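Novice: need a 3D model of the sequence below.
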Amino acid sequence: MLKVFVLDVLKPHEPGLAEFAEELAAVEGVAEVVISLVELDAETATVNVAVAGQMEYNAVKDKIEALGGTVQSVDLVSILNDPASALLGQRLRLALRE
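Specialist: Have a look, this model is predicted:
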């Protein structure tokens, strides 16, 4: 099954967004990561994180916490029975626009 999660995450400034995305992409089963900056404060950044693949939610959450972040909410969950769905990237980008 293909899973898509959109998470509201509070993270420290470091690691930066690119490194944060690379670390999440390294989680077993993750096929795609899209991160959008929502708000930047003096010490933290609020970001929307969309991850898709055949991964477990707890593995993604554990990696976010290992990087110093906190999942504030799970804003969207999509489960697709067809892992070959061509709509994967489109679904992620649309999810972050909402």
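
Novice: name the element the nearest residue to residue 57 once chain neighbours are set aside belongs to?
Specialist: Take residue 57 and drop its neighbours on the chain: the residue closest to it by Cβ to Cβ, 6 or more residues apart in numbering is residue 5, 6.1 Å away. Using the backbone N, CA and C atoms, a C-beta is placed for each residue, glycine as well. Taking DSSP states H and E as the criterion, the element that holds residue 5 is strand 2-12.

Novice: all the helices of the chain, in order from the start?
Specialist: 17-25, 57-66, 88-97 (DSSP state H).

Novice: how about the second one as CSV, C-alpha atoms only?
Specialist: What it means is helix 57-66. Extracted in CSV, the C-alpha atoms of helix 57-66 (Å, rounded to 0.1, in the frame of the first residue of the first chain):
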residue,chain,number,x,y,z
TYR,A,57,4.2,6.5,10.2
ASN,A,58,6.2,5.8,13.4
ALA,A,59,9.5,5.4,11.4
VAL,A,60,8.9,8.9,10.0
LYS,A,61,7.9,10.4,13.3
ASP,A,62,10.9,8.8,15.0
LYS,A,63,13.3,10.3,12.4
ILE,A,64,11.7,13.8,12.8
GLU,A,65,12.2,13.5,16.6
ALA,A,66,15.8,12.3,16.1
